[in-house]
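[1] okay, structure incoming, though there's no sequence with it:
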């Protein structure tokens with residue numbers, strides 16, 4: 001069981017939904033990777049978590065500040081989570097913030113002396129947003145001062161770490177890399193070899209490049225799962241859905257011919273979870289390789305995936321045609337993809353690295 005926040009030594013800070021997800025996980029309806037080690041480390045530490053459970057943000061006296069900073073960078077600033085849970089957070093020895101929207105308010109409270117616990121801050125895309133916003137602007141300079149006061153800065157890829165370090169003006173080794181892993185016990189082939197007619201693409205973050213995918217797809221039956229707006233005029237071959245349970249998504253992966261994860265260039269390691277979930281289901285994956293590359297040396301073009309450059313519909317079209325024309329080779333690529341995830345991108349590997357970061361903070 002997860003300890004109550006007031007009794008926990010290690011507390012995770014999430015944006016939202018984890019209480020509901022926890023119940024779904026207990027029923028076997030959800031994977032565990034997006035708990036970022038909380039479930040796996042509960043036998044090692046007294047653990048707990050907090051998240052945004054408010055229903056009416058307009059009554060918060062600090063809401064204007066949240067609104068101001070959120071509008072500048074297009075991302076949240078969950079000051080509410082930090083302030084309302086401050087007592088529990090200060091009782092913990094180590095805090096783990098999983099997104100910038102939660103980490104920045106914690107960094108603010110540390111700077112003003114209101115938060116004493118040591119903070120492991122996981123950044124997911126802040127440096128890209130700062131680059132687009134303008135690193136010389138006041139909010140970017142303020143964010144930089146806040147992050148320089150954090151004990152441990154973490155990203156999910158080396159490329160993202162280098163970009164964050166460059167913006168902060170610190171050595172690369174000041175930012176640690178936490179390799180993301182997936183729950184390959186949940187993400188398995190549920191179709192038992194049955195393959196549908198469609199190619200699948202999944203993901204809703206700002207790094208997705210569906211315009212390039214649509215330009216490259218030709219007449220291939222394509223199913224895109226995203227909350228993003230798609231312009232589908234002239235694309236009768238495309239099915240667009242947005243809401244699926246994890247088990248439904250697992251079935252979609254399993255029945256797809258193969259999976260395409262198209263990405264825009266950027267240092268944020270976009271597409272990790274969808275690519276690894278699909279690979280764990282035994283699917284061949286076409287993935288854009290960006291400067292935020294997270295595949296290390298383990299993902300190799302033509303061996304366990306196909307890699308394409310960003311913003312190149314012609315190259316993506318060649319990769320799609322290559323897999324479409326050779327279903328046996330596609331299946332073999334998917335089998336090696338599953339082996340790669342189990343060996344190198346498991347949730348257990350992510351947890352092991354996080355445990356090392358926690359132990360270092362406990363010794364400090």
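    Here it is on my side, so go on. Given the structure is predicted, the values throughout are model-derived calculations rather than measurements.

[2] from here on, just use CA atoms for contacts and neighbour counts.
    OK.

[3] please enumerate the helices of the stretch 51-200 of the chain.
    63-73, 79-84, 86-91, 100-111, 126-133, 138-147, 158-168 (DSSP state H, counting those that start in this stretch).

[4] can you flag the weakest of those helices by average pLDDT?
    Mean pLDDT is lowest for helix 63-73 among the helices of the stretch 51-200 of the chain, at a mean of 77.

[5] and for it, what's in contact with it?
    Contacts of helix 63-73 with the rest of the structure, by Cα atoms under 8 Å, 6 or more residues apart in numbering, involve 57, 75-79, 129-130, 133, 139.

[6] what residues sit buried inside that helix?
    66-67, 73 (16 or more other Cα atoms under 10 Å).

[7] for the stretch 101-250 of the chain, give me the ranges with low pLDDT.
    Scanning the stretch 101-250 of the chain for pLDDT under 70 picks out the ranges 193.

[8] quick revisit: in JSON lines, list the contacts of helix 63-73 along with distance to residue 216 and neighbour count.
    Listed next are these as JSON lines, based on distance: Cα to Cα, whole Å; neighbours: other Cα atoms under 10 Å:
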{"residue": "57", "distance to residue 216": "43", "neighbour count": "13"}
{"residue": "75", "distance to residue 216": "30", "neighbour count": "16"}
{"residue": "76", "distance to residue 216": "34", "neighbour count": "20"}
{"residue": "77", "distance to residue 216": "37", "neighbour count": "25"}
{"residue": "78", "distance to residue 216": "39", "neighbour count": "23"}
{"residue": "79", "distance to residue 216": "42", "neighbour count": "22"}
{"residue": "129", "distance to residue 216": "28", "neighbour count": "18"}
{"residue": "130", "distance to residue 216": "31", "neighbour count": "21"}
{"residue": "133", "distance to residue 216": "30", "neighbour count": "15"}
{"residue": "139", "distance to residue 216": "39", "neighbour count": "17"}
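
[9] can you map out the strands along this structure?
    Secondary structure of the chain (DSSP state E): strands at 10-13, 47-50, 94-97, 118-122, 152-155, 175-177, 199-202, 222-225, 238-241, 259-261, 285-288, 306-308.

[10] quick one: which of these is nearest residue 335?
    Using Cα to Cα as the measure, strand 285-288 is the one of the strands of the chain that comes nearest residue 335, at 11.0 Å.

[11] sweet, I'm off.
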